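Chemist: test case, fold it:
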Amino acid sequence: MNGAIVFFLTVSMSLLSSGPLQADPYSVKKYSPISLKIELPKDTYAVGERIDAKIVVSSTRGGGYPATFNIRLYHGKDLFDEYRTNFPRIFMGRTEYALNDFGIPPFNDSPAAVGDWNISILQQDLDVSNAAWATIHVVMPEREE
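Modeler: Numbers count the residues shown, from 1 in each chain. Presented below is the predicted three-dimensional model:
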């Protein structure tokens, strides 16, 4: 029994002395033939107004191949929600998607949505420097008198 305790302490001490657990830097790629962009015709929308943003996916690689995208939605500085969207095939060229077609549900449908919203989209397993970002301001609608 003493041998098991010594083994446990040895393994525990070696894990503690190796520092904090970190992701393997070689598992994150810095390049992909896919690029992302979020296009907004305007940056301010009223509560309940349709946000007509486009997610533009461009690929320089032919043949079509699968891709997964991680989406983060922030209200102010707080993470509001996270989504994952899988596409069975990304084809060469430019393809445009509406927010809901890309897996992002409406988020400005109540007065609680007033404020700044940040959208981050990143292809899975890529360095965060490849993320597409957009900021959308949500305001109360103007009252007609």
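Chemist: can you pull out the low-pLDDT segments for this protein?
Modeler: For the chain, residues meeting the criterion pLDDT under 70 lie at 1-29, 144-145.
Chemist: distance between stretch 134-145 and the chain's centre?
Modeler: 24 Å (CA atoms, centre = their mean, to the nearest Å).
Chemist: what comes up buried for that stretch?
Modeler: Neighbour counts using 16 or more other CB atoms under 10 Å place 134, 136, 138 of stretch 134-145 among the buried residues. Glycine gets a C-beta too; all of them are placed from N, C-alpha and C.
Chemist: so can I have TSV of the residues you listed showing secondary structure?
Modeler: Formatted as TSV, the entries for the buried residues of stretch 134-145 read as follows, by DSSP: H, G, I helix; E, B strand; the rest coil:
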residue	secondary structure
134	strand
136	strand
138	strand
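Chemist: restricting to C-alpha, output the helix or strand hosting residue 82 in CSV.
Modeler: Element membership of residue 82 [criterion: DSSP states H and E] is strand 78-90. Output of strand 78-90 as CSV, limited to C-alpha atoms (Å, rounded to 0.1, in the frame of the first residue of the first chain):
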residue,chain,number,x,y,z
ASP,A,78,-20.0,39.4,-20.9
LEU,A,79,-20.2,36.2,-22.9
PHE,A,80,-23.9,35.8,-23.7
ASP,A,81,-23.9,32.5,-25.6
GLU,A,82,-21.7,30.2,-27.7
TYR,A,83,-22.7,28.2,-30.8
ARG,A,84,-21.0,25.8,-33.1
THR,A,85,-21.9,25.6,-36.8
ASN,A,86,-20.9,22.7,-39.0
PHE,A,87,-20.8,22.8,-42.8
PRO,A,88,-20.5,19.5,-44.7
ARG,A,89,-18.9,21.3,-47.6
ILE,A,90,-17.2,24.7,-48.1
